[in-house]
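A.B. asks: Here is my input; please provide its structure:
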Amino acid sequence: MLLLLTGWAWHAPSAHGQATDGRDRILIDDFDSYESGSLPVRWRAQLNGNLVPLTEAFFNDRERIEARREGSNGFARARVQGETVHVNMDNGSDFDWDTTTHPVIAWDWRAIQLPEGSREDEDRLNDSGAGIYIIFAIDGVIVKRPKVIKYVYSAALPVGTAVSYGKLKVIVAGSALDGSGSWQRVERDVVEDYRRVFGEAPPRRPLRLRLWSDADNTGTVAVADFDNVMLLRAR
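C.D. replies: Residues are numbered from 1 along each chain as shown. As a prediction, the model looks like this:
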C-alpha cells in the first residue's frame, strides 16, 4: 500500500549539528567519542534476535558501519555493496525512551550515494541507502514480527510518502528529489506517525532503535552518514 501523507512532522534541513536544550533532549549518540575508522561500539550487532557487542566479525569489505571524522565532528558512515548492514540499541539498556515525555526522534543524515534504481514502494527494488528503524514490542511482548516504523532516505520517492509492508511501515523522511550529498536535519513525531500508519496509539516504550543501509535487492552501492541521534520533548 502506497500513501502520500501531507502535514506530517518533517522539518526542513537546518545547520548540521544544531543542538537543543539539554533538559529537553536525550542524546543517543553524536559519534564524537570514537576514533575515525573505529566501530561505533555503543551500538550493537544482532545475532539470532539478540543484541551482542559490535566487533569486526560482523563486517566485511561489502558491508560496514564505522565512525568517521571531519574536523572536530564525528559521525557514523554506512557503506554497502549489494548487501545490508545495521547496528542497534535496545531501549532500557542502551538508552531510555518514553514516548509520553519525548515523542520526537531527531537525527542528521547525509546521502553520499543512494542505491541506483531503488524504490521503497516496489518489493523487488526495496533498498534504502539510509534508514532508521523504530521497533515496537506489542503489548510489552517481543514477538517474531513486531510492528516497525522505518524512516528512509529514498532515491525515488518524495518526502511524506508512506509504504505499508504489513507490520513494517516505511516513511520517507529524506529524498534525493530534494537533493542529496549535504547534511539534512530531520525531526519526526513518532507518536503521530505511529497513529497515522497503524491507526492506534503506540506502545509507551519502543523496543529497539536501528541504523540501517541496504542495496541487496538492486545489487548496487550505497553510502550514507548518520549523526546527532536524539530524542526530544514535544514542540
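A.B. asks: Could you pick out the longest strand of the protein?
C.D. replies: Ranked by residue count under DSSP state E, the longest strand found in the chain is strand 221-232.
A.B. asks: Could I get the average pLDDT for that one?
C.D. replies: What strand 221-232 shows for mean pLDDT is 98.
A.B. asks: center of this structure, which residue is that?
C.D. replies: In the chain, the centroid-proximal residue (CA atoms, centre = their mean) is Ile132; its distance is 1.2 Å.
A.B. asks: Helix or strand: which one has that one?
C.D. replies: strand 130-136 (DSSP states H and E).
A.B. asks: Might you list the low-confidence residue ranges for the protein?
C.D. replies: For the chain, applying pLDDT under 70 flags the ranges 1-23, 138-144.
A.B. asks: So the residue of it positioned farthest from its centre versus Pro103, what's the distance?
C.D. replies: Distance from the C-alpha centroid of the chain peaks at Gly71, with 24.1 Å (CA atoms, centre = their mean). Relative to Pro103, Gly71 is positioned 33 Å away (CB to CB, to the nearest Å). C-beta: built from backbone N, CA, C; applies to glycine.
A.B. asks: go on, Ala57?
C.D. replies: Between Ala57 and Pro103 the computed distance is 36 Å (CB to CB).
A.B. asks: before we move on, what about Gly219?
C.D. replies: Distance, Gly219 to Pro103, by CB to CB: 38 Å.
A.B. asks: quick revisit: could you check the angle strand 221-232 makes with the following helix or strand past the strand holding Ile132?
C.D. replies: With elements assigned by DSSP H and E, the helix or strand that comes after strand 130-136 is strand 147-154. Angle of strand 147-154 versus strand 221-232, following axes from the mean of the first three to the mean of the last three CA atoms, to 10 degrees, is 120 degrees.
A.B. asks: pretty sure the residue nearest to the centre of the chain contacts Ser213?
C.D. replies: No. Counting by CB atoms under 8 Å, Ser213 is not a contact partner of Ile132; they are 10.5 Å apart.
A.B. asks: so where does Glu187 fall, helix or strand?
C.D. replies: Remark: Glu187 resides in strand 184-189, with elements defined by DSSP H and E.
A.B. asks: Tell me the helices and strands packed up against that strand.
C.D. replies: Judged by 3 or more CB pairs under 8 Å, 6 or more residues apart in numbering; DSSP states H and E, the packing partners of strand 184-189 are strand 104-113, strand 168-175.
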